[in-house]
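Participant: mind folding the following:
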Amino acid sequence: MDDQNKNLILATALSFLVILIWFVLFPPPEPETARAPDGTSAGESTTADDTATAPGPVAAPPEDAEGAAPEAAETLKEDAPRVEIDTASLKGGISLKGGRIDQLSLKNYRETLKSDSDIVDLLSPIGTANPYYALFGWAPGAGLTLDTVPGANTVWQVEDGGPLTPESPVTLVWDNGAGLVFRREFAVDEDYMFTVTQSVENTGDNPAALAPYGILARHGEPPDLKNFFILHEGLIAMSDGELTETGYSDMADFEMNPAEGARAEVTRVAENGWTGFTDHFWMTTLIPEQGKSFKSVAKFDPRREIYQTETVMPTRTVGPGESVETRTRLFAGAKEWDTIREYQNDDGVVRFLDSIDWGWFFFLTKPIFAVLHWLNVTLNGLGIAGSMGWAIIGLTLLIKIILLPLSYKSYSSMAKMKELQPQMEQIKEAAGDDKQKLQKEMMELYKREKVNPASGCLPILLQIPIFFSLYKVIFVTLELRHAPWIGWIRDLSAPDPSSILNLFGLMPWGVPDPGSILGIVSLGVLPILLGVSMWLQQKLNPSPTDPTQAMIFAWMPWVFMFILGNFASGLVLYWIANNMLTFLQQYAIMRSQGYKPDVFGNIKASFQRKTADEKTKK
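Facilitator: Predicted structure coming up:
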C-alpha cells in the first residue's frame with residue numbers, strides 16, 4: 001500500500017474515532033422537564049453596604065406591608081392591575097403590584113414550526129407554573145425600615161403613560177406617606193432593551209439613605225432545560241471584563257448564609273458589568289450604568305427553589321428638598337447576534353456578545369458565525385430562498401479556498417512520494433530486518449528530497465476542529481433555529497426529518513422516533529447523500545490491495561452515514577459540501593501533478609472485486 005493510502009486511512013480513522021467519541025459523550029440533548037416550582041416568595045434582609053439593606057434571598061418578602069405570614073404570601077395570586085407592553089418584538093405587562101416586569105412574550109418566535117404554534121413566553125408572573133420576573137427597588141439605609149420603601153408587594157399608581165411602547169414610556173409613582181415619593185419610569189426600544197429609571201424625592205425634614213437595586217428571580221429551573229454539555233444555561237455575568245458562567249446546579253452549591261436561609265455569592269464590580277440568566281436562545285440581563293461600581297449578588301433559596309441575581313448600587317443620601325435618580329437597563333429577549341452586537345458596539349454594553357455561548361473554540365466559532373451570518377444576510381437580501389443553507393455551502397467553499405495552499409502542498413507531497421517509491425523499495429531491500437537502519441535511511445531520503453510523509457493527512461485533520469466549531473455554532477446560535485433550506489429541510493438545526501423507512505414520505509406510515517433504536521436506521525436524504533459523497537471521494541484512488549484495508553475503506557462511508565444521521569441538517573450539509581469540494585479540489589491537483597484519476601475505473605473495479613470475492617466464497 002502506498003503512503004497516500006496510508007495517510008488517508010490514518011486521517012479517516014482518526015476522524016472516525018473523534019466523531020465516535022463525540023457522539024458517545026455528547027449525544028443530541030433530550031429536553032428535561034424541570035420540577036414544578038411552588039410559586040413562592042421570600043424576604044429582604046441582606047446588607048447592601050455599610051448603611052443600606054439589600055434585597056434578601058428572593059425577590060418577594062415573606063411579609064407584606066400588612067404583616068401577612070410567609071405561608072399566606074405563598075398563596076397570593078397576581079390580581080393587581082397591569083400596564084400593557086406592546087412593541088414590534090414584545091408583548092406582555094407590568095404588574096402594579098411590585099412594579100415588576102413579569103409577563104413577556106416574543107412575538108417573532110414560535111415554540112415549534114407549526115403555523116398555529118404559540119409564541120415563546122419568556123417572563124411569567126407569580127401564580128403561574130414557572131414564575132420568572134424582573135423587580136426593582138430601593139434598599140433602606142440607616143433610619144429607614146422596610147415599610148418606608150417600595151417592596152415586592154407594594155401597589156404602585158400609574159402617573160403617566162400606558163401602554164408601554166417605544167414611543168410612550170410609562171411612569172409609576174408611590175408615596176410612602178412619610179416624606180418620600182418614589183417614581184419608576186419604564187422605557188423600551190424596538191427590540192429587547194428596557195430602561196428603568198428610578199427616582200426618590202425627599203419632601204420631609206430628614207435625610208434618607210437608600211441603595212437602588214435590580215433583581216431577576218426565577219422560581220425553579222426552566223422547564224425546557226437542555227442540560228447539554230456544550231451549552232451553558234443558567235447564571236451568566238460579566239464583571240470588569242471577566243465572564244462567569246454558573247449552572248443552576250452550581251448555584252445550589254453556593255455558601256449558605258444562615259441569616260438569609262439562602263446560598264449566595266457576591267462579586268464587587270468596579271466599572272463595567274452585567275448579570276442575568278441565559279437559556280438556549282433567550283436571555284434576561286440586568287445592566288447597571290456602565291463605568292460605575294455596583295455589587296453583583298447571585299442567590300439560591302433551597303427551601304423555595306428560587307434562583308436570583310441582583311445588582312445593588314452604592315447607597316445614595318437624599319437630603320430634604322432633594323431628589324436622586326438611578327438608571328438600569330434590562331435586556332429581555334432573543335439572543336440575536338445582530339441585536340446584541342449593536343447593544344455592545346453602539347450602546348456600550350461591554351462584551352455583550354459573549355452572552356452567546358461560543359465555547360472553548362471561540363477563536364473559531366466567532367469568525368465562523370460572523371462569516372455565516374454575513375453570507376446569510378447577503379443571500380437573503382438577494383431574495384434567495386433558504387439563504388442559510390446556501391450560506392453554509394458558501395462558508396464551506398471559503399474554508400476550502402483558505403486551506404487550498406496547504407491542500408496543494410499536501411497533495412504535491414503525496415505525488416512526490418509516489419516518485420520516490422522505487423528508492424524506498426531499494427532501501428527496504430537493503431535494510432532487511434534492521435528496522436533502525438530502515439528508519440534512519442528513510443528519514444534521510446525524506447530530508448534530502450524535502451518530503452513530509454505526514455502532510456497527506458493534515459487537510460483532513462484540520463477539518464476536525466472546524467467541524468466541531470460549526471457543530472457548536474449550529475447548535476447554540478438562534479439564527480439557525482427553524483432556518484429552512486430546500487423542500488423538506490425546514491430547520492437546519494434539527495436532523496433531516498425524511499426517512500428511508502417510508503420511502504421519504506411516499507408511503508403513508510410513520511417513522512421511528514429519532515431517540516429510539518430503530519431511529520438509527522431511519523436515515524434521511526442528507527445522511528444518505530453524505531455516505532455517497534464519502535464513497536465517491538474514495539474512488540479518486542484505487543482500493544488498497546490488502547483485504548483488511550480494503551474492507552475498512554468499503555465500510556467507512558456507510559458507518560459515517562449512520563453516525564451522523566441524527567446530527568443537525570446544517571452540519572450534514574456542510575460535510576456533504578466539503579466532501580464534494582474536496583473531490584473536485586483533489587482531482588484538479590492530481591491532474592496538475594501529471595496523474596489522471598480513473599474514478600469510473602475505480603468504481604467498476606470495486607464492484608468487480610466484490611463479484612470475485614463472492615465467487616471465491618462459493
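Participant: ok, M561 to L90 distance?
Facilitator: Relative to L90, M561 is positioned 43 Å away (criterion: Cβ to Cβ, to the nearest Å). Just so you know, the C-beta spots here come from the backbone N, C-alpha and C atoms, and that holds for glycine as well.
Participant: also V525?
Facilitator: 38 Å.
Participant: next one: G261
Facilitator: 34 Å.
Participant: same thing with L403?
Facilitator: When L403 is compared with L90 (using Cβ to Cβ), they lie 43 Å apart.
Participant: neighbour count winner among the two?
Facilitator: Residue environment comparison for L403 versus L90 gives the larger neighbour count to L90, 26 against 18, counting by other Cβ atoms under 10 Å.
Participant: ok, now which ones touch the more buried one?
Facilitator: The neighbourhood of L90, defined by Cβ atoms under 8 Å, 6 or more residues apart in numbering, consists of L104, S105, L106, K107, V188, Y192, A332, G333.
Participant: out of those, which sit inside strands?
Facilitator: Residues of the contacts of L90 located in strands (DSSP state E): L104, S105, L106, K107, V188, A332, G333.
Participant: quick check, nearest of those residues to L530?
Facilitator: Of all the ones in strands among the contacts of L90, the one sitting nearest L530 is L106; the distance, using Cβ to Cβ, is 34.1 Å.
Participant: paired strands for the strand or helix carrying A264, with orientation please.
Facilitator: According to DSSP states H and E, A264 maps onto strand 262-269. Pairing partners of strand 262-269, with direction, according to DSSP bridges: strand 255-257 (antiparallel), strand 294-301 (antiparallel).
Participant: so how far is that strand from its chain's centroid?
Facilitator: Its chain's C-alpha centre lies 25 Å from the corresponding centre of strand 262-269 when counted by Cα atoms, centre = their mean, to the nearest Å.
Participant: quick one on the thing from earlier: got the contacts of L90 as CSV, with distance to D250 columns?
Facilitator: Shown next, in CSV, are the contacts of L90 (distance: Cβ to Cβ, whole Å):
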residue, distance to D250
L104, 26
S105, 29
L106, 27
K107, 33
V188, 32
Y192, 26
A332, 23
G333, 25
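Participant: now restrict these to buried residues only.
Facilitator: L104, S105, L106, V188, Y192, A332, G333 (16 or more other Cβ atoms under 10 Å).
Participant: returning to that earlier point: which one of the strands paired with strand 262-269 lies nearest to E245?
Facilitator: Comparison of the strands paired with strand 262-269 against E245 by Cβ to Cβ identifies strand 294-301 as nearest, at 11.4 Å.
Participant: in the closest one, which residues are buried?
Facilitator: In strand 294-301, counting by 16+ other Cβ under 10 Å, buried: F294, K295, S296, V297, A298, K299, F300, D301.
Participant: which residues sit against that strand?
Facilitator: Applying Cβ under 8 Å, 6+ apart, the external contacts of strand 294-301 come out as 42, 46, 48-49, 54, 57-58, 235, 237, 239, 246, 251-252, 254, 260-269, 273, 275, 288, 306-314.
Participant: packing partners of the following helix or strand past it?
Facilitator: In the C-terminal direction, the helix or strand that comes right after strand 294-301 (DSSP H and E) is strand 306-312. Identification of packing neighbours for strand 306-312 by 3 or more Cβ pairs under 8 Å, 6 or more residues apart in numbering; DSSP states H and E yields strand 208-219, strand 234-239, strand 273-278, strand 282-288, strand 294-301.
Participant: tell me the buried residues in strand 306-312?
Facilitator: I306, Y307, Q308, T309, E310, T311, V312.
Participant: can I get stretch 468-487 in PDB? Just the C-alpha atoms.
Facilitator: As requested, the backbone C-alpha atoms of stretch 468-487 are provided in PDB (Å, rounded to 0.1, in the frame of the first residue of the first chain):
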ATOM      1  CA  PHE A 468     -16.800  20.800  15.900                       C
ATOM      2  CA  SER A 469     -16.800  24.600  15.800                       C
ATOM      3  CA  LEU A 470     -19.500  24.600  13.200                       C
ATOM      4  CA  TYR A 471     -21.500  22.000  15.300                       C
ATOM      5  CA  LYS A 472     -21.300  24.400  18.200                       C
ATOM      6  CA  VAL A 473     -22.400  27.400  16.000                       C
ATOM      7  CA  ILE A 474     -25.300  25.500  14.600                       C
ATOM      8  CA  PHE A 475     -26.500  24.300  18.000                       C
ATOM      9  CA  VAL A 476     -26.200  27.400  20.100                       C
ATOM     10  CA  THR A 477     -27.000  30.300  17.700                       C
ATOM     11  CA  LEU A 478     -30.600  31.500  17.300                       C
ATOM     12  CA  GLU A 479     -30.200  32.300  13.600                       C
ATOM     13  CA  LEU A 480     -30.000  28.600  12.800                       C
ATOM     14  CA  ARG A 481     -33.200  27.800  14.800                       C
ATOM     15  CA  HIS A 482     -36.100  27.000  12.500                       C
ATOM     16  CA  ALA A 483     -33.900  28.100   9.500                       C
ATOM     17  CA  PRO A 484     -35.300  26.500   6.300                       C
ATOM     18  CA  TRP A 485     -33.300  25.400   3.300                       C
ATOM     19  CA  ILE A 486     -35.000  23.500   0.500                       C
ATOM     20  CA  GLY A 487     -38.100  21.400   0.300                       C
END
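Participant: give the rounded mean pLDDT of that stretch.
Facilitator: Per-residue pLDDT values over stretch 468-487 give a mean of 92.
Participant: same deal with stretch 181-199?
Facilitator: On average, stretch 181-199 scores 98.
Participant: how far does that stretch stretch from one end to the other?
Facilitator: Distance across stretch 181-199, first residue to last, is 8 Å (Cα to Cα, to the nearest Å).
Participant: enumerate every residue touching G348.
Facilitator: Contacts for G348 (Cβ under 8 Å, 6+ apart) come out as Q290.
Participant: pLDDT below threshold where in the stretch 401-550 of the chain?
Facilitator: Per-residue confidence of the stretch 401-550 of the chain (counting by pLDDT under 70) places the weak regions at 415, 418, 453-460, 502, 504-520, 543-546, 549.
Participant: just the helices from it, written as ranges.
Facilitator: Secondary structure of the stretch 401-550 of the chain (DSSP state H, counting those that start in this stretch): helices located at 404-419, 421-431, 435-449, 458-476, 525-538, 547-563.
Participant: buried residues, the fourth one. List them.
Facilitator: Meaning helix 458-476. Of the residues in helix 458-476, those buried (16+ other Cβ under 10 Å) are 458-460, 463, 466-476.
Participant: check those and tell me the two furthest apart.
Facilitator: For the buried residues of helix 458-476, the farthest-apart pair by Cβ to Cβ is L458 and V476; their separation is 28.2 Å.
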